[in-house]
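Chemist: Let me see the structure of the following:
(one chain, ligands or ions: 1)
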Amino acid sequence: MTSEATPRAAMTRVLLVEDERAIADTVLYALEKGRYQSDWCATGEAALEALARRPAELIVLDVGLPDCNGFDLLRRIRELTEVPVIFLTAWSDEVDRIIGLELGGDDYVTKPFSPRELVARIGAVLRRSSAAPKSPSDALSGSFVVDDERLEVFFGGEPLQLSLYEYRVLTLLIGRPGKVFSREEILQRAWEDPGMITDRTIDAHIKAIRRKIKEVDPAADPIRTVRGVGYALKPEGASG
Ligand code: CA
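Modeler: Here you go, the predicted model:
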């Protein structure tokens, strides 16, 4: 579900998470007119997978999703990325919750809203966030932090010197801690053209990722091999 037209590398990518097709269509149209690239997901799970596959510079997040609520989803998004999030909300008591709980959203828009206004808010939030320094070194020891602007993963606060495909494989695992990814799944999601890739290529990439993690922390072993299937990131706390 992608509204991407031609590759326009310099353009900002926005991920829209909204289950109502009609709303999504008007927002995607306004984003295109505002010269943003956009991806659209209708569920929380799809959004997490999309983020692990391809970074976005900003996320527009509907609070009422079919498989989860936007607040819970934001917590999981925050394990992946610190990019700005604008909530779409239907009710004013949701706004109270956003403000009262300081959920880490950067702005909110109440439905019904004007797509043009939303695009203007997106521009304002992006200007604000690019002025603020990013601090990936805030990473806790033993955990991963993904800097999706620089395509870097930090482990225990240290950058891992990953190749592009190592980055894609690792961020895929990070996106769903505990989930076992088959080699086939990793291949399909991390490579644009999986035709030439074999299982051994996946294994070689995992081996390289493990070596680079051990260079940072020799005691760390956060990736689990599932014999005959594939790989999983051990849930937090199991590493080390
Ligand atoms: Ca909804």
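Chemist: Where do the domain boundaries of this structure fall?
Modeler: Per automatic domain parsing, the structural domains of the chain span 13-131, 136-233.
Chemist: Would you single out the least confident of these?
Modeler: Comparing mean pLDDT across those, the weakest is domain 136-233, with a mean of 83.
Chemist: For the ion, find the nearest of the domains of the chain.
Modeler: If you check each of those against the ion by CB to the ion, domain 13-131 wins as the nearest, at 3.8 Å. Bear in mind the C-beta positions are built from the backbone N, C-alpha and C, glycine included.
Chemist: Distance from the closest one to the middle of the chain?
Modeler: Put simply, domain 13-131 sits 12 Å off its chain's centre (CA atoms, centre = their mean, to the nearest Å).
Chemist: Show the residue spans covered by the strands in this structure.
Modeler: For the chain, the strands defined by DSSP state E cover 13-17, 37-41, 58-62, 85-89, 107-110, 144-147, 152-155, 158-160, 181-182, 223-226, 230-233.
Chemist: re earlier: TSV please, covering the domains of the chain and showing mean neighbour count.
Modeler: Below are the domains of the chain laid out as TSV (neighbours: other CB atoms under 10 Å):
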stretch	mean neighbour count
domain 13-131	18
domain 136-233	16
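Chemist: before we move on, back to that, same list (the strands of the chain) but as JSON lines, adding distance to the ion.
Modeler: Listed next are the strands of the chain as JSON lines, based on distance: least, CB to the ion, whole Å:
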{"stretch": "strand 13-17", "distance to the ion": "9"}
{"stretch": "strand 37-41", "distance to the ion": "12"}
{"stretch": "strand 58-62", "distance to the ion": "4"}
{"stretch": "strand 85-89", "distance to the ion": "8"}
{"stretch": "strand 107-110", "distance to the ion": "13"}
{"stretch": "strand 144-147", "distance to the ion": "27"}
{"stretch": "strand 152-155", "distance to the ion": "32"}
{"stretch": "strand 158-160", "distance to the ion": "37"}
{"stretch": "strand 181-182", "distance to the ion": "29"}
{"stretch": "strand 223-226", "distance to the ion": "35"}
{"stretch": "strand 230-233", "distance to the ion": "30"}
